[in-house]
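Enquirer: My questions are about this predicted structure, shown below with the sequence.
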Amino acid sequence: MNHYLKKGEPALILAPMEGVTDFPMRALLTELGGFSFCISEFIRVTQEILPEKVLHRFIPELKNGGKTDSGCPVFAQILGGNPWRMAETARSLVSQGALGIDINFGCPAPIVNRNDGGAVILKEPHRIKEIIKSVRSSVPSDIPVSAKVRLGWENPTEIYRISEAVIEGGASWLTIHARTRSQGYAKPVHWELIGEIRKNFPIPVIANGDIWSLEDFRKCREVTGCEHFMLGRGALGEPTLALQICRELGISSKTTAQLEEYADFRERWVPLFKRFVELGEPQAISPHYTVRRIKQWLNLASRTRDITWAEPIKRATNLAEIWEAF
Ligand SMILES: Cc1cc2nc3c(=O)[nH]c(=O)nc-3n(C[C@H](O)[C@H](O)[C@H](O)COP(=O)(O)O)c2cc1C
């Protein structure tokens with residue numbers, strides 16, 4: 001039973017991004033608002049079943065009923081090729097409070113693929129089915145089990161067979177990042193194939209890939225016909241984008257006035273960065289690491305706007321230098 005993603009009820013989901021949408025970033029972005037739920041960074045399931053302590057390190061929200069402080073559910077994403085170990089990890093995550101399980105069949109990293117995880121499994125759709133089935137049967141029926149895929153390994157039309165396998169495995173929904181593994185992050189993003197799957201397969205489909213602006217979102221909605229969307233890099237590149245999209249989807253709980261107030265954040269990066277630093281403190285995240293993360297964030301912001309004003313920050317080596325650069 002899927003309580004989270006229903007036909008006729010639009011939704012916007014924060015994408016899993018390893019090293020980007022970690023605990024403080026999830027806290028910050030869900031505090032700004034707009035997301036229906038988010039997915040954790042991937043947890044790699046290898047030879048050992050990970051102990052509770054490690055799972056909590058990946059998803060500190062487990063201690064908070066599986067939600068961020070602002071009440072947004074965080075589903076746990078797992079990655080691996082062994083159905084039994086994946087199922088045991090899912091069972092453990094759910095027993096500790098995870099509200100849903102997402103399975104990663106999209107990671108393109110060579111080291112992950114060489115170790116039988118992520119996109120490499122797209123080459124063998126029967127294994128997608130086995131893994132989902134095994135995870136599905138290990139957790140209670142009210143816990144959603146979803147799959148996140150790319151279009152295929154090499155050929156985008158592999159998505160038809162992959163989607164069949166996802167449905168046969170019993171997934172609650174399917175997120176499609178509309179690129180193949182071979183493409184990496186290169187263009188084009190094939191939103192039209194997401195539309196084909198949505199039209200022809202009986203499963204809710206979340207459209208993902210290259211939504212950087214409200215215009216991109218409108219185009220993606222038009223091409224795919226979807227009502228469920230996932231936002232990754234664009235959520236950082238434009239911190240008000242989630243709210244803008246929600247308003248367009250008719251699901252924003254914010255009033256127009258509140259949105260306008262948020263819109264002021266457009267050029268007010270300092271409060272955002274300061275809040276990010278503050279949210280990372282209880283996790284004892286080192287200032288050095290935080291500096292790297294702020295630079296990474298500005299790099300994403302520079303994809304859609306001119307931020308030459310941020311040049312001095314690229315050379316900053318500590319937080320004090322960053323604040324000074326502003
Ligand atoms: C740095 C980075 C890390 C990522 N980590 C994950 C991950 O842990 N799990 C996953 O399913 N996808 C991961 N992705 C893929 C994103 O979830 C998303 O599918 C992709 O970035 C396309 O969406 P976007 O154009 O909105 O960013 C990652 C992407 C990036 C850029």
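Expert: Thanks, I have it. Predicted, not measured: the structure shown is a model, and the values here were computed from it.

Enquirer: any idea how far residue 65 is from residue 139?
Expert: 16 Å (Cβ to Cβ, to the nearest Å). In short, each C-beta sits where N, CA and C put it, glycine included.

Enquirer: Also residue 72?
Expert: 11 Å.

Enquirer: and if you look at residue 324?
Expert: When residue 324 is compared with residue 65 (using Cβ to Cβ), they lie 40 Å apart.

Enquirer: again with residue 291
Expert: 32 Å.

Enquirer: quick one: which of those two has more around it?
Expert: residue 291 (19 against 11; other Cβ atoms under 10 Å).

Enquirer: Give me the next element, helix or strand, following the helix or strand encompassing that one.
Expert: Using DSSP states H and E, residue 291 sits in helix 287-301. As assigned by DSSP H and E, the chain's next helix or strand after helix 287-301 is helix 311-314.

Enquirer: Format the CA atom coordinates belonging to that next one as CSV.
Expert: Only the C-alpha atoms of helix 311-314 are listed here, as CSV (Å, rounded to 0.1, in the frame of the first residue of the first chain):
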residue,chain,number,x,y,z
GLU,A,311,35.2,34.2,-7.2
PRO,A,312,37.1,35.1,-4.0
ILE,A,313,35.2,32.3,-2.2
LYS,A,314,36.8,29.7,-4.5
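
Enquirer: buried sites along that helix?
Expert: Applying a neighbour-count criterion of 16 or more other Cβ atoms under 10 Å, one finds residue 313 buried in helix 311-314.

Enquirer: Would you confirm that residue 248 contacts residue 216?
Expert: No: look at residue 248 against residue 216 with Cβ atoms under 8 Å: they stay out of range, at 11.7 Å.

Enquirer: Which one of these two is surrounded by more residues?
Expert: In terms of neighbours (other Cβ under 10 Å), residue 216 is the more surrounded of residue 248 and residue 216; the figures are 18 against 15.

Enquirer: what's near enough to touch that one?
Expert: Contacts here follow Cβ atoms under 8 Å, 6 or more residues apart in numbering; on that basis residue 216 touches 210, 234.

Enquirer: per-residue confidence at it?
Expert: Note on residue 216: pLDDT of 98.

Enquirer: And the next helix or strand past the helix or strand hosting it?
Expert: Using DSSP H and E, residue 216 sits in helix 214-224. Next along the chain after helix 214-224, taking DSSP H and E as the criterion, comes strand 228-231.

Enquirer: strand partners of that following strand, parallel vs antiparallel please.
Expert: strand 11-14 (parallel), strand 205-208 (parallel) (DSSP bridges).

Enquirer: Quick check: closest non-adjacent residue to whichever residue of the stretch 101-250 of the chain sits closest to the ligand.
Expert: Relative to the ligand, the nearest point of the stretch 101-250 of the chain is residue 232 (2.5 Å; Cβ to the nearest ligand atom). Spatially, and ignoring its direct neighbours in sequence, residue 232 is nearest to residue 15 (3.4 Å; Cβ to Cβ, 6 or more residues apart in numbering).

Enquirer: okay but that neighbour is in contact with residue 229, surely?
Expert: No: taking contacts as Cβ under 8 Å, residue 15 lies outside contact range of residue 229: 9.9 Å.

Enquirer: Need the overlap of contacts for those two.
Expert: Common neighbours of residue 15 and residue 229 (Cβ under 8 Å, 6+ apart) are residue 208.

Enquirer: what's near enough to touch the residue nearest to residue 232?
Expert: 21, 38, 39, 208, 230, 231, 232, 235.

Enquirer: what do you get if the cut-off is 10 Å, keeping everything else the same?
Expert: Residue 15 is in contact with 21, 35, 38-39, 77, 148, 175, 177, 206, 208-209, 211, 229-235, counting by Cβ atoms under 10 Å, 6 or more residues apart in numbering.

Enquirer: Can you say which of those are buried?
Expert: 21, 35, 38-39, 77, 148, 175, 177, 206, 208-209, 211, 229-235.

Enquirer: need the strands paired with strand 228-231 in a markdown table with mean pLDDT and distance to the ligand, can you?
Expert: Output for the strands paired with strand 228-231, formatted as a markdown table (pLDDT from 0 to 100; distance: least, Cβ to the nearest ligand atom, whole Å):
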| stretch | mean pLDDT | distance to the ligand |
| --- | --- | --- |
| strand 11-14 | 98 | 9 |
| strand 205-208 | 98 | 5 |
